[in-house]
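Undergrad: Predicted model and sequence below, questions to follow.
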Amino acid sequence: MANRVAIVGVGRSTQAARRPEVNDAEMINEAVRAALADAQIDINKVQAVLTNSIDGFDNFYLGDCLLVDGTGGYMKSGMKLHTGGTVGSTGAIAAFNMVASGMFDIVLTIGHQKQERGNSMGTLCAAAPGEMREFVQGAIGAFAQAAVQYMKNTGAKLEHAGMVRLKADKNACRNPYAHLRLGLKSIDDVAKSPILIWPLRLLDFCPQSCGACALIVASEKVAKKITKKPVWVADHETVHELQSEVVFGGDEEKSQQIAAKRIYKRNGITNPVRDIDCFEVYEPSSWEEMYLYEHFFLCEHNKGWKMIESGVTEIEREVPVNPSGGVLATNAIGATAMLRIAEAALQIRGDAGEHQVTKDVKTTLSSGLGGTNWTTLVLLKRSL
Amino acid sequence: MADEQKEEFISVEILSKISYNWSMGPYSGSLFTEMKENKKIWGIRCPKCKKLLFPPEAMCGYCFTEVKDDWEEIGDEGTIVQFTKAGMPIFDNRTGKFAFSERPLANIQFDKGPYIMHWLEEKDIEKLRLGMRVKAVWREQGRGRGYEDIMYFRIIEEKK
Amino acid sequence: MSERIGIVAVAQTRYHPNRAEVKEGEMAYEAIKQVLQETGLKYVNDGTGIDAAVSCSQDYWDGRTISSLNVASFLGTHFRSEEKVASDGINAVFYAMMHILSGEHDTVIVTTHCKESMTSPSLVQNHAFEPIFMRVLGLDFLSAAALQATRYMSKHKITPEQCAKVVVKNRGNAKNNPYAQAPMSLTVKDVLNSKMLADPIHDLDAKPVSDGACVMIMAREGKAKKFCKKPIWITGVSNCYEAHYLGDRDLAECKALTKAAKRAYKMAGITNPLKEIDVAEISEKFSYEELLWMEGLGFCERGGAGKVIDSGITKMGGKLPVNPSGGCLSGNPTEVAGMTRVVEAVLQLRNQAGARQVPDARVALAHGTSGVCGQLQTVMILSNS
């Protein structure tokens, strides 16, 4: 990167199934104000505002313009990015690029979605071209099919999906900004939940949430002035993938492995479990988390289920994954990928409160997932 | 508590209905014509990486090569790679309504390689296994609506 | 700016009222093919070709969530990087520039596409309005523009004839543009006699429905000079948001444009736009917009655009020709329009604009708008030296 970039402010709105008491602009404003307060700067210092989300869920065409009252974009530069499920991280990466380019010193980037409205499934199905739209069942169908394959290829059982949810819920209960905080006691509680699309049970999949996340990104010289705890953006990688036959999961090398290999190589990471202290991955289903352990080379191929079984990805252990509760607990799609970056930044700063991981966090990896299995990775560091 | 909160808010329902006329273009257009008139499925082979592209496209997005004219018949038999059946009502983009899907949805791999997502005739998922052989059941009268000209895929007996 | 970003190749499709014979992606591919052939660059990861893609399209126009999927096969996105901007196309150029300057990649292909013919523009545009207070009124860009035109014309005494002169000029200019959708030889009377759509906007005062795409390849200075003989440099760029609620703005003013223009001029070292800019491509989706935007761009004082169009300095051969391509009024899809302006500016600066060439053009201005009554304004200055 040409100029060094740091995250200097993190803001999250309350996330819930429905937020009828606020409109979108007000909900976004919660996150924006929180980020500004966190960075201890005034909105007037912000030079550009990126407002990122998926149009269809909110029923907004040109949402960045529509929401300018809540985003703080009035009389500022900015634009909207929209890349499907990865939109939150693409919005963050775009902000990193804007600051790294030298053209801006302080950029506010927002990811938001209010999924209480309309129907998310219809919008997700609409990612297929019109002539194929009858034959898709939203993202859930693809994840269900991935789960079937995973069990077949690896010997994993339904119980392992339950273990992933249990960890996510335990962590979410320690995160006041998570949406689903169920207080599950055992994997039997997960087994009791109704079947969504076989073999996915309700609790094997992420909820539909309303929420917003905001990041304030600054250049090195500004970051050092306004905060004692800048979180440095060491690197990022975006890898798209054409819709393949097995959209998610499966046995072939996919965008996740490719993105991970590239970012690890560029940053001298030879042993991710040792070189990276904490992971916030985008796991829309419990099965996807097991896949991601493998895809990001945290364990051997086909052994992801063993990792969750061993408990090594818990908050107190050696390879904490999704201490925030992850996407399984909270999924306002426009915000979700950005929340992975925001939560990782808080871990580095030691500001994650009750869901702060036990080990010292110097380096984190956040992932985004969306579209036809697109991956974004962001590597954050306490010091470069 | 939550119920009390809900009643506090006035809710206004605005139905958003926008229609689109999508063009199929020369490649999908040719495919749809073949499916309608001859009940045949065609793909186009990439001249460089030799991948059989289905649906056919002007450029092979995998090796970034422009296709030529190497149309190839795909046949309509294949193997079930994955299948699922929704336990809850699914949204139909064409009608704007939720409904239980009648049949399981499957990812089917044609013998020649490409994949298709389509319905299975067999409604009972207990009777389905990964790897079962299936064959397309076509509409009597093709409507030129491409994949919809196939009603579903039927399980066929393995040739012993 | 530490290093210059150059535009290495550009292409556009011929704009057309209904490209029913191609898919969105295939339409974009017509233009993508041209830049790939012209430069010989390939989608490779070794730094010798195109490293990444920035696409621009709107879900609501394509009728598809994640509309970049329509062009994914053609942009070399498989196992590579692509980002989609969902604002007017000129912002995709702006973003691609920052993407390159950030050091992430050196060479980026940028494309935008839109097929307005596929759906009802009014219904789509209605969704750009805030739902509770504005959308329910059934507003679309035409009715909002009519409100702005009324306010602007009454406050600054702009006449319908002056607006019509914009149409006469631009539709006439389009006759020199092989990519233009609908060149026409018109008189002011023809425009004013055309059907009234929404007072004071007549049918010929509004841009027609259009389908099209455009593409460009951009690269950092060192590579740009290798990839083409005459890269065109972006020397200044900025954008700015206005308020959204129509009542929160004085529609006769264009504060956001004034601010964006000031910043872009400062970056490019321009102090006297009328003198220092040789050709301007402005996004005018309605005739009054060309007048209002000229004021925001500082071509004259506030309220002075009527005199500018009367004077003839913005005609071909005048002091500062505006929209030699025919502009949006001659047929440009929304979202593509801003990038088309950049493409046209590049052609002017490369001396490749054929019959619409402004002689000896060295500095060009391209302008794009996004949203209701130009809520997001983007100004870009380009130069060939």
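TA: Yep, that arrived.

Undergrad: So C:Gly304 is in contact with C:Glu295, correct?
TA: Yes: using Cβ atoms under 8 Å, C:Gly304 is in contact with C:Glu295, at 6.6 Å. Quick note: C-beta positions are derived from backbone N, CA and C, even for glycine.

Undergrad: Identify each buried residue in the longest helix anywhere in chain B, please.
TA: Identified as the longest helix of chain B according to DSSP state H is helix B:25-38. Across helix B:25-38, burial judged by 16 or more other Cβ atoms under 10 Å in any protein chain shown covers B:Gly25, B:Tyr27, B:Ser28, B:Gly29, B:Leu31, B:Phe32, B:Glu34, B:Met35, B:Lys36.

Undergrad: List the contacts of the closest residue to chain B within the stretch 1-150 of chain A.
TA: At 3.6 Å from chain B, A:Gln145 is the closest residue in the stretch 1-150 of chain A, using Cβ to the nearest Cβ. Contacts of A:Gln145 were listed using Cβ atoms under 8 Å, 6 or more residues apart in numbering or on different chains, and they are A:Val246, A:Val247, A:Phe248, A:Gly249, B:Gln82, B:Phe83, B:Thr84, B:Asn107.

Undergrad: cool, and A:Pro320?
TA: Applying Cβ under 8 Å, 6+ apart, the residues contacting A:Pro320 are A:Asp277, A:Cys278, A:Phe279, A:Thr313, A:Glu314, A:Val357, A:Thr358, A:Lys359.

Undergrad: Quick check, pLDDT for it.
TA: What the model reports as pLDDT for A:Pro320 is 97.

Undergrad: and the gap between it and chain B?
TA: 32 Å (Cβ to the nearest Cβ, to the nearest Å).

Undergrad: quick one: that residue from A:Leu166, how far?
TA: Distance check for A:Pro320 against A:Leu166: by Cβ to Cβ, to the nearest Å, it reads 15 Å.

Undergrad: same thing with C:Gln37?
TA: Distance, C:Gln37 to A:Leu166, using Cβ to Cβ: 56 Å.

Undergrad: Up against chain A, what does the stretch 201-350 of chain C have?
TA: Within the stretch 201-350 of chain C, the positions near chain A by Cβ under 8 Å from any Cβ of the partner chain are C:Ser238, C:Asn239, C:Cys240, C:Tyr241, C:Glu242, C:Ala243, C:His244, C:Tyr245, C:Lys255, C:Ala256, C:Lys259, C:Ala260.

Undergrad: again, only using 6 Å
TA: With Cβ under 6 Å from any Cβ of the partner chain as the criterion, the stretch 201-350 of chain C meets chain A at residues C:Asn239, C:Tyr241, C:Ala243, C:His244.

Undergrad: quick one: which of those residues sit in helices?
TA: In helices, defined here by DSSP H, there are no members of these.

Undergrad: Report the buried members of these.
TA: C:Asn239, C:Tyr241, C:Ala243, C:His244.

Undergrad: possible to save the residues you listed as TSV with pLDDT?
TA: Listed next are those as TSV, based on pLDDT from 0 to 100:
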residue	pLDDT
C:Asn239	97
C:Tyr241	97
C:Ala243	96
C:His244	96
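
Undergrad: returning to what we had before: how near is the residue of the stretch 1-150 of chain A closest to chain B to chain C?
TA: Here A:Gln145 is placed at a distance of 19 Å from chain C (Cβ to the nearest Cβ).

Undergrad: Can you report how many residues neighbour the closest residue to that residue other than its chain neighbours?
TA: Spatially, and ignoring its direct neighbours in sequence, A:Gln145 is nearest to B:Gln82 (3.6 Å; Cβ to Cβ, 6 or more residues apart in numbering or on different chains). Residues near B:Gln82, counting by other Cβ atoms under 10 Å in any protein chain shown, number 26.

Undergrad: Let me see the contact set for A:Arg340.
TA: If you count contacts by Cβ atoms under 6 Å, 6 or more residues apart in numbering or on different chains, A:Arg340 has them with A:Glu280, A:Tyr282, A:Ser366.

Undergrad: Give me the secondary structure label for it.
TA: Of the three states, A:Arg340 takes helix under DSSP: H, G, I helix; E, B strand; the rest coil.

Undergrad: how close does it sit to chain C?
TA: Distance from A:Arg340 to chain C, counting by Cβ to the nearest Cβ: 17 Å.

Undergrad: Nearest spatial neighbour of the residue lying farthest from the centre of chain A, chain-adjacent residues omitted?
TA: What lies farthest from the middle of chain A is A:Glu131; by Cα atoms, centre = their mean that is 30.7 Å. Nearest residue to A:Glu131, sequence neighbours excluded (Cβ to Cβ, 6+ apart): B:Gly146, at 5.1 Å.

Undergrad: Read off the pLDDT value for C:Lys230.
TA: For C:Lys230, the predicted pLDDT is 92.

Undergrad: Tell me the spacing between it and C:Val8.
TA: 9 Å.

Undergrad: So between these two, which is more surrounded?
TA: Between C:Lys230 and C:Val8, counting by other Cβ under 10 Å, C:Val8 is the more crowded of the two (28 against 16).

Undergrad: Settle this for me: that one is touching C:Ala219, isn't it.
TA: Yes: taking contacts as Cβ atoms under 6 Å, C:Val8 lies within contact range of C:Ala219: 5.3 Å.

Undergrad: rewinding a little: neighbour count winner among C:Gln37 and A:Leu166?
TA: Applying other Cβ under 10 Å to C:Gln37 and A:Leu166 shows that A:Leu166 carries more neighbours, namely 22 against 12.

Undergrad: Next, work out how far apart the more buried one and chain C are.
TA: From A:Leu166 across to chain C, the span is 32 Å (Cβ to the nearest Cβ).

Undergrad: Okay, now the unreliable bits of the chain?
TA: By default, I'm working from chain A. A:1-2, A:118, A:138-139, A:245-246 (pLDDT under 70).

Undergrad: my bad, the chain I had in mind was chain C
TA: Scanning chain C for pLDDT under 70 picks out C:1-2.

Undergrad: Isn't B:Glu72 up against B:Arg45?
TA: Yes: counting by Cβ under 6 Å, B:Arg45 is a contact partner of B:Glu72 at 5.3 Å.

Undergrad: where does the residue in the stretch 251-384 of chain A positioned nearest to chain B fall, helix, sheet strand or coil?
TA: Going by Cβ to the nearest Cβ, chain B is nearest to A:Thr372 of the stretch 251-384 of chain A, at 10.8 Å. For A:Thr372, the assignment made with three-state DSSP gives coil.

Undergrad: Chain neighbours aside, what residue packs nearest to residue 152?
TA: Picking chain A for this. In space, A:Lys152 is closest to B:Leu130, 6.5 Å off (Cβ to Cβ, 6+ apart).

Undergrad: wait, I meant chain C there
TA: Spatial nearest neighbour of C:Tyr152, chain neighbours left out: C:Ala252 (4.4 Å); criterion: Cβ to Cβ, 6+ apart.

Undergrad: Kindly report the same for C:Ala174.
TA: Sequence neighbours aside, C:Gly326 is the residue nearest to C:Ala174 in space, at 2.8 Å (criterion: Cβ to Cβ, 6+ apart).

Undergrad: Over to B:Ile116?
TA: B:Ile108 (5.3 Å).

Undergrad: Can you tell me the element the one you found falls in?
TA: strand B:105-110 (DSSP states H and E).

Undergrad: Give the buried residues for stretch C:237-253.
TA: Neighbour counts over stretch C:237-253 (16+ other Cβ under 10 Å) mark C:237-244, C:246, C:249, C:251-253 as buried.

Undergrad: In the next helix or strand after the strand holding B:Ile108, which residues are buried?
TA: For strand B:105-110, the following helix or strand on the C-terminal side (DSSP H and E) is strand B:115-119. Across strand B:115-119, burial judged by 16+ other Cβ under 10 Å covers B:Tyr115, B:Ile116, B:Met117, B:His118, B:Trp119.
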